[in-house]
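# One predicted model, sequence on top.
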Amino acid sequence: MNEIKIAVLGSEGVGKSALNVRFLTRRFIGEYASSSECIYRKRVSVDGRQVNLELYDPCSQACEGKSTLNDQIHWADGFIVVYDISNRSSFFTAKAIVHLISELHLGTAKRDADSLIFLVGNKQDLGHMRQVQREEGQCVAAEFHCQFYELSAAEHYHEVALIFSKMVRNTSLGSKAKERRRRPSGSKSMAKLINNVFGKRRKSV
């Protein structure tokens, strides 16, 4: 496989862009707003083999309809579904997304969920405002047979990098990617996206 597509999904404000940019640049952004969807691109090495990685990020837009989410699910090879541990509503949304992915993307191959879907509780640094207990996330992950992580994009670069690296490896080792899937609308180049976040000093990552 020469190309891996990963969708980072979840409610507005849970830290999807922060996780993506943290992985790609090691830098943390506390605020990120965009009026369009984004695709980040990076060439990565998987077990000594170079692959083209694309990360889909709905940015600050909430998932506005099932058809839009369907497109995102059919486009991707693997999924990182994020919620904010200080926002219970975002947890319910994440659970619904995981359920939909299981139904649409995996079909009867439920065993694939363990390697293709990661449920991530973000903003662990806001533990004093916690509304979702770690055990609740673990229960949802067990229900849908997916992997579970809880972390802080603001404080835990290595944990963020580990999650993305595991997903890239799992996707690479899994079944072949679907041929010529339709890309979600509004994609942008990596250089342009990073310029928007950090200014024009950085041309690539």
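Thanks, I have it.
# wait, doesn't residue 3 sit right on residue 51?
Yes. Contact criterion C-beta atoms under 8 Å: residue 3 and residue 51 qualify, at 6.7 Å. Every C-beta, even on glycine, is put in place using the N, C-alpha and C of the backbone.
# Neighbour count: those two, which is higher?
residue 51 (17 against 12; other C-beta atoms under 10 Å).
# Mind telling me what element the more buried one is part of?
Counting by DSSP states H and E, the element that carries residue 51 is strand 49-57.
# so where's the chain shaky on pLDDT?
Confidence mapping of the chain against pLDDT under 70 gives the ranges 1, 30-36, 59-67, 105-113, 174-205.
# try 90 this time
For the chain, applying pLDDT under 90 flags the ranges 1-3, 26-40, 44-51, 57-75, 103-115, 156, 171-205.
# can you pull out the strands in it?
3-10, 38-46, 49-57, 78-84, 117-122, 147-150 (DSSP state E).
# Out of those strands, flag the one nearest residue 102.
Of all the strands of the chain, it is strand 117-122 that lies closest to residue 102, at 7.3 Å by C-beta to C-beta.
# The longest helix along the chain vs strand 78-84, what angle?
The single longest helix within the chain, with elements called by DSSP state H, is helix 157-173. If you take axes from the mean of the first three to the mean of the last three C-alpha atoms, to 10 degrees, helix 157-173 sits at 150 degrees to strand 78-84.
# Go through helix 157-173 and flag the buried ones.
157, 159-160, 163-164, 167-172 (16 or more other C-beta atoms under 10 Å).
# ok, residues contacting the strand holding residue 51?
Contacting residues not belonging to strand 49-57 are listed as 1-8, 16-17, 20, 23-24, 37-45, 72, 75-76, 168, 172, 184 [C-beta atoms under 8 Å, 6 or more residues apart in numbering].
# same thing but at 7 Å, please
Here strand 49-57 makes contact (C-beta atoms under 7 Å, 6 or more residues apart in numbering) with 1-8, 16-17, 20, 38-44, 72, 75-76, 168, 172, 184.
# closest to residue 150 among the buried residues of helix 157-173?
Looking across the buried residues of helix 157-173 and measuring by C-beta to C-beta, the closest to residue 150 is residue 159, at 9.0 Å.
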